[in-house]
Structures are given as C-alpha cells and as structure tokens.
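Undergrad: okay, structure incoming, though there's no sequence with it:
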C-alpha cells in the first residue's frame with residue numbers, strides 16, 4: 001500500500017502499458033472554514049490518513065497541501081488521492097463505518113468539498 005505526504009509524481013513512459021490493470025482514482029479536495037480550529041483540522045487529517053490501515057479496499061493513498069502559486073485553488077487547501085481496483089471496492093469504502101466516522105469529524109469545520117472519480121488512462 002502506497003502512502004505518501006505529497007501528490008503523485010508524473011512518469012512519462014512512452015512504453016505500452018497494456019499489462020497494467022485499470023485503476024479507479026478518487027480525488028477529494030477540502031476547503032476548511034476560515035475560523036476552523038486547527039486542532040480539529042489536524043484531527044480530521046489524522047483520521048483520513050488512518051483510513052488505508054482500516055479499509056483494505058484502498059489500494060493506494062496520497063495526500064498533500066495546496067502549494068500552487070497560481071491562486072486558482074478557490075480556497076481548497078487539502079487534497080487526498082485514493083486508488084481502488086474496482087467500483088465494487090469503492091462501494092465498500094463509501095459507506096464503511098470508519099469512513100463515516102471520519103466524515104463526522106468534518107461537521108462544523110468544512111466549508112466545501114469536491115470529489116472527482118475517474119478511471120486512470122495510461
């Protein structure tokens with residue numbers, strides 16, 4: 001299981017990757033309330049980071065804080081990048097009790113969330 005503290009590095013490989021199994025990407029972006037308690041934000045971060053150890057359907061996990069100089073982030077600060085082998089694995093993750101418990105920690109501190117899923121093309 002891959003867990004890193006930064007977003008994925010792009011690998012430009014011109015070789016054919018026909019043998020690579022397709023992967024379902026699940027991107028989550030958070031924008032916290034301006035007055036969110038930093039301790040509550042840290043608790044939510046830690047809870048999200050613990051999910052790969054609790055939900056085996058998560059094939060890979062990365063996260064990072066916005067570092068773009070372009071100022072196009074619309075206030076989103078946290079990015080989480082999860083990989084699943086199938087839609088069935090994602091379907092286990094979404095209602096999983098540990099995922100739901102993590103989500104409850106966001107009540108009162110989260111201003112907005114953006115979720116985007118796609119099948120990785122290589």
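TA: Done, it's in. The structure presented is a predicted model; accordingly, all values stated were derived computationally and were not measured.

Undergrad: could you report the neighbour count for residue 23?
TA: Applying the criterion other C-beta atoms under 10 Å, we find 15 residues in the vicinity of residue 23. Heads up, the C-betas are built off the backbone N, CA and C, glycines and all.

Undergrad: show me the shaky parts of the protein.
TA: By pLDDT under 70, the low-scoring segments of the chain are 1-19.

Undergrad: residue 61 is in what secondary structure piece?
TA: Assigned by DSSP states H and E, residue 61 falls within strand 60-65.

Undergrad: what residues sit buried inside the next helix or strand after that strand?
TA: Using DSSP H and E, the helix or strand that follows strand 60-65 in sequence is strand 78-84. For strand 78-84, the neighbour count (16 or more other C-beta atoms under 10 Å) marks 78-84 as buried.

Undergrad: stretch 85-92 too?
TA: Of the residues in stretch 85-92, those buried under the neighbour-count criterion (16+ other C-beta under 10 Å) are 89-90.

Undergrad: give me the residues contacting that stretch.
TA: With contact meaning C-beta atoms under 8 Å, 6 or more residues apart in numbering, stretch 85-92 is reached by 21, 23-24, 26, 55, 57-59, 84, 117.

Undergrad: and the strand holding residue 61, what does it pack onto?
TA: Strand 60-65 sits against strand 2-4, helix 38-54, strand 78-84, with contacts defined as 3 or more C-beta pairs under 8 Å, 6 or more residues apart in numbering; DSSP states H and E.

Undergrad: what's opposite the residue most central in space within the chain in the beta bridge?
TA: Centroid-nearest residue in the chain: residue 80, 2.3 Å away (criterion: C-alpha atoms, centre = their mean). Beta-bridge partners for residue 80, by DSSP bridges, are residue 28, residue 63.

Undergrad: report the buried residues of stretch 47-65.
TA: Of all the residues in stretch 47-65, those buried under the rule 16+ other C-beta under 10 Å are 47-48, 51-52, 55, 57-63.

Undergrad: please apply the same query to stretch 22-31.
TA: Taking 16+ other C-beta under 10 Å as the neighbour-count basis, stretch 22-31 is seen to contain the buried residues 24-26, 28-31.
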